[in-house]
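*Asks:* 3D model of this:
(chains A and B, ligands or ions: 2)
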Amino acid sequence: MNSTRQIKMRLIRQKWGDQVFQTIAVIGVLIALTTLAALLIDALSDGLPRIDWKFLTSFPSRKPAKAGIFSALVGSLYLITLTALIAVPVGVAAAIYLEEYTSQNSRINRIIEVNIANLAGVPSIIYGLLGLEVFVRAMRLERSLLAGALTLALLILPIIIISAREAIRTVPNSIREAAYALGATRWQTIQDHVLPMAFPGILTGIILSVSRAIGETAPLIAIGALTYVAFLPDGLRSPFTALPIQIYNWVSRPQKGFHTNAAAGIVILLALTLLLNALAIFLRNHYQKKHS
Amino acid sequence: MKPPKTDSSDFILSVQNLNAWYHTTQVLQEISFDIQRHKVTALIGPSGCGKSTLIRCFNRMNDFIATFKLAGQILLEGQDLYDPAIDPVEVRLRVGMVFQKQNPFPKSIYENVAYGPRISGIRRRHQLDAIVEESLKRAALWDEVKDKLKANAYTLSGGQQQRLCIARTLAVEPEVLLLDEPCSALDPIATAKIEELILKLKDDYTVVIVTHNMQQAARVSDFTAFFYLGELVEFWATDKIFTVPKDPQTEAYITGKFG
Ligand SMILES: Nc1ncnc2c1ncn2[C@@H]1O[C@H](COP(=O)(O)OP(=O)(O)OP(=O)(O)O)[C@@H](O)[C@H]1O
Ligand SMILES: [Mg+2]
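*Replies:* Ligands and ions are numbered 1, 2, ... in the order given. Next up is the predicted model:
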């Protein structure tokens, strides 16, 4: 039996453990926050003054002061829209199939699950090389917008599948049973109950993966996206450039003026990413309120 | 011309030599009994004896469990429910089910009740309105919710939610109503309301109810089936089984002297 003294000692030990853990956690958060703040301040102080309407609407130029980000910004927006149009239907359909149409404990399902998780961890450059081989060369898409979008779609597909599966999994089975017991078919159950309830989670996953894709540089470099494009893409087969490529190009130039341009590009890219994340949070809260 | 009244026409469901397995574990053994039309049949027995498994066979809810296997027959009006030619969706339209834990959809009260009729093709607003009102009235919930049909079903109390689930099931007009421990999460007042409801429903439906509450079985049912370890030990009129049980195991269980 524990004596009161023993219990007291134990409480003191536990409290101390709590304290230590809390301190470590706070330090961790502080390191993350200060790094982020330093990065932001650095980019903002260099880049923000450079951003004006002209910078946003000018094509690249050999003169840093004349160069703008127009083709890269528009290219990125096209690229990301196309990527989402390809990856979202495929990814969500795959998630629905895996969660609702196959038996959860089957061996094949477990193997697929592990493999998709692995794919999500594959470095993005590998996807770039795959895209180069398959889309650019074998399918003869050249360095086109479509080749870029297909490559990025492959890259974010595992993340979309995983997050959509998780969202679908949070829908309680009792809801499915309720629908079936009322004479709903499998598809009616999915369409009327599972997807609406999983929607906020699926949407969050989509937006977060898209906001990851928007900053990806390596795969686009690997497929040979152009760095100097003085026109807007006019079709799926058109060559293109994108924000991270443009930034990468400016950073590697010797002139100081281009470095300022790069900082300005980074601010715009960051703003775009934060905007997408904010949208994800807003939509999730909005639909969560509606559904619970 | 009236058909001659035979014994079999009084039975709506007939269970014949039913065996069931999860994986390789047998959970129901050689169950045979008949369920009478417009009567309440109670299934009782200790936890894990297979009551839920059996009741879920009646509307093919076990189809979704990959490891579930079944042998034997369940006839609904003489038709084998597990005949390959039969669409399980049709079975579920004829045999409705209310679950142990209330499970309304996270939608409005109205949409919960209208869902079944809607997917069976009823679109006209006034028709749906009439079905919703009628079903909620039959489930003794109308007076409590008639002013807030647009409110989310989750804003209702547990007992109200369970009656909503009953209303939702009644809206598709099944012939048989399966209730798996419908009162297990409810307080005595809500329980009394649901028992009253079951007695009223008897006029239009055949009710099969699983319950752990002996008084409840005695109060609402006409027939009682006692199960033990996957076997049907005794099946008899409720007033008989509760007064002069034939089997000593049944007696031990209903008097609370069980293991
Ligand atoms: N999905 C399943 N997979 C494997 N075994 C199951 C499954 N569902 C139930 N069983 C097993 O089948 C047996 C019967 O379960 P069932 O749920 O039918 O019992 P029950 O009589 O309804 O019990 P309770 O009164 O506790 O609800 C139990 O031994 C249970 O462990
Ligand atoms: Mg049960």
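
*Asks:* Which elements pack onto the longest helix along chain A?
*Replies:* Counting residues, the longest helix found in chain A (DSSP state H) is helix A:4-47. The contact analysis (3 or more CB pairs under 8 Å, 6 or more residues apart in numbering or on different chains; DSSP states H and E) places helix A:4-47 against helix A:256-291. Placement of C-beta: from N, CA and C, glycine included.

*Asks:* helices or strands up against the helix it packs on?
*Replies:* Helix A:256-291 sits against helix A:4-47, helix A:53-57, helix A:70-96, helix A:195-213, helix A:243-251, with contacts defined as 3+ CB pairs under 8 Å, 6+ apart.

*Asks:* Now the shortest one: average pLDDT?
*Replies:* Predicted confidence along helix A:53-57 averages 90 (mean pLDDT).

*Asks:* Map the structural domains onto the sequence of chain A.
*Replies:* Taking automatic domain parsing as the reference, chain A has its domains at A:2-50, A:56-291.

*Asks:* mind putting those domains in JSON lines, distance to B:Q215 and mean neighbour count included?
*Replies:* Compiled in JSON lines, the domains of chain A are given as follows (distance: least, CB to CB, whole Å; neighbours: other CB atoms under 10 Å in any protein chain shown):
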{"stretch": "domain A:2-50", "distance to B:Q215": "44", "mean neighbour count": "11"}
{"stretch": "domain A:56-291", "distance to B:Q215": "27", "mean neighbour count": "18"}
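
*Asks:* Of the ones you listed, which is nearest ligand 1?
*Replies:* Judged by CB to the nearest ligand atom, the one of the domains of chain A that comes nearest to ligand 1 is domain A:56-291, at 10.5 Å.

*Asks:* So is the closest one next to ligand 1?
*Replies:* No. Domain A:56-291 stays clear of ligand 1 (CB under 6 Å from any ligand atom), getting no nearer than 10.5 Å.

*Asks:* Who are the contact partners of the residue nearest to B:G45 when sequence neighbours are not counted?
*Replies:* The shortest distance from B:G45 to any non-neighbouring residue, by CB to CB, 6 or more residues apart in numbering or on different chains, is to B:F227 (3.6 Å). Going by CB atoms under 8 Å, 6 or more residues apart in numbering or on different chains, B:F227 touches B:L43, B:I44, B:G45, B:C49, B:G50, B:K51, B:L54, B:V233.

*Asks:* Apply 6 Å and report the result again.
*Replies:* B:F227 makes contact with B:G45, B:C49, B:G50, B:K51 under the criterion CB atoms under 6 Å, 6 or more residues apart in numbering or on different chains.

*Asks:* Tell me the one among the residues you listed nearest to B:Q160.
*Replies:* When the contacts of B:F227 are ranked by distance to B:Q160 (CB to CB), B:K51 comes first, at 25.5 Å.

*Asks:* still on that earlier bit, between the helices and strands packed on helix A:256-291, which one is closest to B:R125.
*Replies:* B:R125 lies closest, by CB to CB, to one member of the helices and strands packed on helix A:256-291: helix A:195-213, at 21.3 Å.

*Asks:* That closest one vs helix A:256-291, what angle?
*Replies:* Here helix A:195-213 runs at an angle of 170 degrees relative to helix A:256-291 (axes from the mean of the first three to the mean of the last three CA atoms, to 10 degrees).

*Asks:* State the pLDDT value of residue 198.
*Replies:* You didn't pick a chain, so chain A it is. In this model, A:A198 carries a pLDDT of 94.

*Asks:* hm, I was asking about chain B
*Replies:* Looking at B:I198, its pLDDT stands at 93.

*Asks:* wait, what's in contact with it?
*Replies:* B:V207, B:V220.

*Asks:* again, only using 8 Å
*Replies:* B:I198 neighbours (CB under 8 Å, 6+ apart): B:V40, B:L179, B:V207, B:I209, B:V220.

*Asks:* between those, which is nearest A:R13?
*Replies:* Closest to A:R13, out of all of the contacts of B:I198 and judged by CB to CB, is B:L179, at 52.4 Å.

*Asks:* give me the element the spatially closest residue to that closest one that is not a sequence neighbour is part of.
*Replies:* Among residues not flanking B:L179 along the chain, B:I209 sits closest, at 4.3 Å (CB to CB, 6+ apart). Per DSSP states H and E: B:I209 is located in strand B:206-210.

*Asks:* Thanks again, I'm all set now.
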